[in-house]
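Undergrad: fold the following, please.
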Amino acid sequence: QVQLEESGGGLVQAGGSLRLSCAASGRTFSNYAMGWFRQAPGKEREFVGTITKSGGATLYADSVKGRFAIARDNAKNAVYLQMNSLKPEDTAVYSCAARAGYYDTSPNRYDYWGQGTQVTVSS
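TA: Have a look, this model is predicted:
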C-alpha cells in the first residue's frame with residue numbers, strides 16, 4: 001500500500017502561481033511513477049502530467065504544457081506540481097496518483113490515489 005496526501009491548493013488570481021505537494025508513505029516511493037490529475041465539477045477526471053520513477057522524464061497534457069512542471073524528490077518521498085500562469089479553466093480538484101510501472105497518462109492505470117486538493121483560479 002502507498003498512502004498519498006496532497007497539499008498546497010487554494011484560491012489564486014488568474015496569472016498567479018501555486019505549488020502542490022504530494023507526500024507519500026508506505027512502500028518504496030522510488031518504485032512508483034507518479035501522476036497528477038484533475039477533476040472539475042461536472043467533468044471527467046483529466047490527465048495533467050506524469051513523471052517517471054527516477055524523475056528523469058515527464059509528460060504533460062497540452063492544456064498545461066509550458067505552464068506546469070512536475071518534479072519529485074525520492075529522498076523526501078514527495079512529488080510536486082508547480083503551476084504558473086494559472087487560468088480560470090485550471091480550477092479543479094487536483095490529485096496525485098502512484099503507479100507501479102512506467103509513467104502513463106490514463107488514470108485507470110494508477111494504483112493509488114490521494115484525496116485531492118482544491119485549486120480555484122479567479123478571473
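
Undergrad: grab the nearest non-local neighbour of the residue located most distally from the centre of the chain.
TA: The C-alpha centroid of the chain is most remote from S123, which lies 22.5 Å away (Cα atoms, centre = their mean). Nearest residue to S123, sequence neighbours excluded (Cβ to Cβ, 6 or more residues apart in numbering): P88, at 4.8 Å. In this view, the C-beta of every residue, glycine as well, is placed from N, C-alpha and C.

Undergrad: please apply the same query to Y94.
TA: Among residues not flanking Y94 along the chain, R38 sits closest, at 4.8 Å (Cβ to Cβ, 6+ apart).

Undergrad: for the helix or strand where that neighbour lies, packing partners?
TA: In the assignment (DSSP states H and E), R38 maps to strand 33-39. The contact analysis (3 or more Cβ pairs under 8 Å, 6 or more residues apart in numbering; DSSP states H and E) places strand 33-39 against strand 18-26, strand 46-51, strand 68-73, strand 78-83, strand 92-99.

Undergrad: any idea of the pLDDT on the residue nearest to Y94?
TA: Per-residue pLDDT puts R38 at 98.

Undergrad: residue contacts, it?
TA: By Cβ atoms under 8 Å, 6 or more residues apart in numbering, the contact set of R38 is R45, E46, V48, D90, A92, V93, Y94, S95, V119.
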